[in-house]
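S.K.: Coordinates only, no sequence provided:
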């Protein structure tokens, strides 16, 4: 099939109705939000599929691959909940096992899952194990919150801020895919992202209303805010946090910037908020990289950039 | 990998801890139960994988295959919630799309999902779409309830009762897999099972404490009750509900009985309950097929039967 991921999702989800009044946020944000007995439950799901999200041969470059895939499976779902300001709670994990699956690797995967559960205070409560010609794992995670941040809540005059550094993850993927010198820091940034649970919760508690996480790339996810909030977003390239490791890998800050803007799978948070929250937001570890204004599109140093993302479906075509 | 489904699940799930006190029922029953603000939330997940649970070529025998796969994906998860006495509420659906996936078929799948959501009053609130060399779909479903039935609550002197008829689904699968005359009734019993939501809820409200659904076969799932409740279960072959269609397909009631006992994927309910509830339980549509006593094992007409099930992993080895 030649349809891209976002186009396909949009076409299919139009068929689905959300009849319940309890559904506060349905399909289309980082996670869904439902109202349960006065508080909010946040629900999200992610899948990792062999040869789409990882290749078994990477074990040769990074022997702990499956341990980190277990951690990553949970972390990327926790990140969706963090981006709305929630705390993760319960997970269901499904496993598609192929004839080529190795028991010791699956055990390693579950060790990683188990350790990540301890880190994030998540209980795994069930799941289905099925035979599949292609190995896959997926998790559905619930979280709780007294409120939530949305992609669609950015307002003109808001500031734009982010956690962490950008582009490392894409460089780590490149090292695994291509014949480049091993750099465990960059590989781990790809295989073992940290979900920003505390930062998300603190932002929400400060009154921040707009948040998302960077799964598809900084520019791409700024576009998801820009489009759903119907605003223009301008960021400044010298403000974008980039690690020394990435600059050294890419050869220059200018080259590293391309990884940071378009790389994807950083699982850092983006928030937008009114200027009066600046001091308290900065204290929680966010760094301001830009501003929101009336209009549309995403601009870097005054120039409009294209919405280029990290489209898993197209990647395997 | 040569490990059977149940052995593998048991080995892997031992690695996972359930630290939260809110987890009332964790891994091991039909679904998990967590306590949320005074009421219970039931959570379950199921996957359908190409060439493990269905083959695309079945379209030649049954053109509406994908529509019914969409219905089935939801129904089998709803059945888990029904078996505990709950009402389904919210679903997350993940989709693994291969290069061979056809857009019109995925649209048909979502039409089936959408219609099943209306039937069961379920809202689909999100999901992930990923590239996969093997097409798959999975759903995680939440339900609500004021209590729950468990596999482990059967008591000596209880009666054993079931909904519906058994074995049709297995015959339907055989027709799709082998060169046999088409019988749409039997095929639909395999591709379009009905989850017994009302029967489960009524049983729970009458005070029934033990319930499960028949996904792996009547005998197999009686064993799951027998083992987790540490009781002996005896059923009587002339009491087992079998459809006229299946008797006609199999050639005799005796041959049809083998499908009914060991077939799997019936998605009917089994409950056990004290005799004083007999009249009210029968009024809700359950039929008594046996009794519980002290001891162990599952017996048909006084003879112990082996625990033979419908093991998806072994099926593809």
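M.R.: Everything's here; your move. Keep in mind the model is a prediction, meaning the values are calculated, not measured. Residues are numbered from 1 along each chain as shown, chains lettered A, B, ... in the order given.
S.K.: Correct me if wrong, but residue A:117 is in a helix.
M.R.: Yes - when DSSP: H, G, I helix; E, B strand; the rest coil is applied, residue A:117 is found to be in a helix.
S.K.: check contacts around the closest residue to it other than its chain neighbours.
M.R.: Nearest residue to residue A:117 in three dimensions, chain neighbours excluded: residue A:124, at 5.9 Å (Cβ to Cβ, 6 or more residues apart in numbering or on different chains). For every residue, glycine as well, the C-beta is placed using N, CA and C. Residue A:124 makes contacts with A:90-93, A:113-114, A:117, B:16, B:18, B:27, as judged by Cβ atoms under 8 Å, 6 or more residues apart in numbering or on different chains.
S.K.: same thing with residue A:293?
M.R.: Taking Cβ under 8 Å, 6+ apart as the criterion, residue A:293 is in contact with A:156-157, A:231-234.
S.K.: Can you report phi and psi for it?
M.R.: phi -140, psi 180 (degrees, to the nearest 10).
S.K.: Quick one: buried ones out of the contacts of residue A:124?
M.R.: A:90-93, A:113-114, A:117, B:16, B:18, B:27 (16 or more other Cβ atoms under 10 Å in any protein chain shown).
S.K.: now these as TSV including distance to residue A:264?
M.R.: Shown next, in TSV, are those (distance: Cβ to Cβ, whole Å):
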residue	distance to residue A:264
A:90	27
A:91	23
A:92	26
A:93	23
A:113	23
A:114	27
A:117	25
B:16	29
B:18	33
B:27	33
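S.K.: From those, pick the one nearest residue B:241.
M.R.: Distances from residue B:241 to the buried ones among the contacts of residue A:124, taken as Cβ to Cβ, are shortest for residue B:27 (31.2 Å).
S.K.: Neighbouring strands of the host helix or strand of the residue nearest to residue A:117 in the sheet, and parallel or not?
M.R.: Taking DSSP states H and E as the definition, residue A:124 sits inside strand A:123-126. Sheet pairing of strand A:123-126 (DSSP bridges) gives strand A:87-97 (parallel).
S.K.: where's the partner strand relative to the chain centroid, distance-wise?
M.R.: 16 Å (Cα atoms, centre = their mean, to the nearest Å).
S.K.: Point me to the helix or strand that includes residue A:161.
M.R.: strand A:159-162.
S.K.: tell me the mean pLDDT over that strand?
M.R.: Averaged over strand A:159-162, pLDDT sits at 98.
S.K.: contacting residues around it?
M.R.: With Cβ under 8 Å, 6+ apart as the test, strand A:159-162 has contacts from A:214, A:218, A:222, A:233, A:235, A:240-241, A:268-275, A:278, A:281-282, A:286-292.
S.K.: which among these end up buried?
M.R.: Counted by 16+ other Cβ under 10 Å, the contacts of strand A:159-162 give A:214, A:218, A:222, A:233, A:235, A:240, A:268-273, A:281, A:286, A:288-292 as buried.
S.K.: Isn't residue A:71 up against residue A:113?
M.R.: Yes - in this structure residue A:71 lies within contact range of residue A:113 using Cβ atoms under 8 Å: 7.1 Å.
S.K.: how far away is the residue at the greatest distance from the centre of chain A from chain B?
M.R.: For chain A, the largest distance from the centre (Cα atoms, centre = their mean) belongs to residue A:99, which lies 30.5 Å off. Remark: distance between residue A:99 and chain B (Cβ to the nearest Cβ, to the nearest Å) = 7 Å.
S.K.: Which ones among the contacts of strand A:159-162 lie within strands?
M.R.: In strands, defined here by DSSP state E, the members of these are A:233, A:235, A:269-273, A:287-292.
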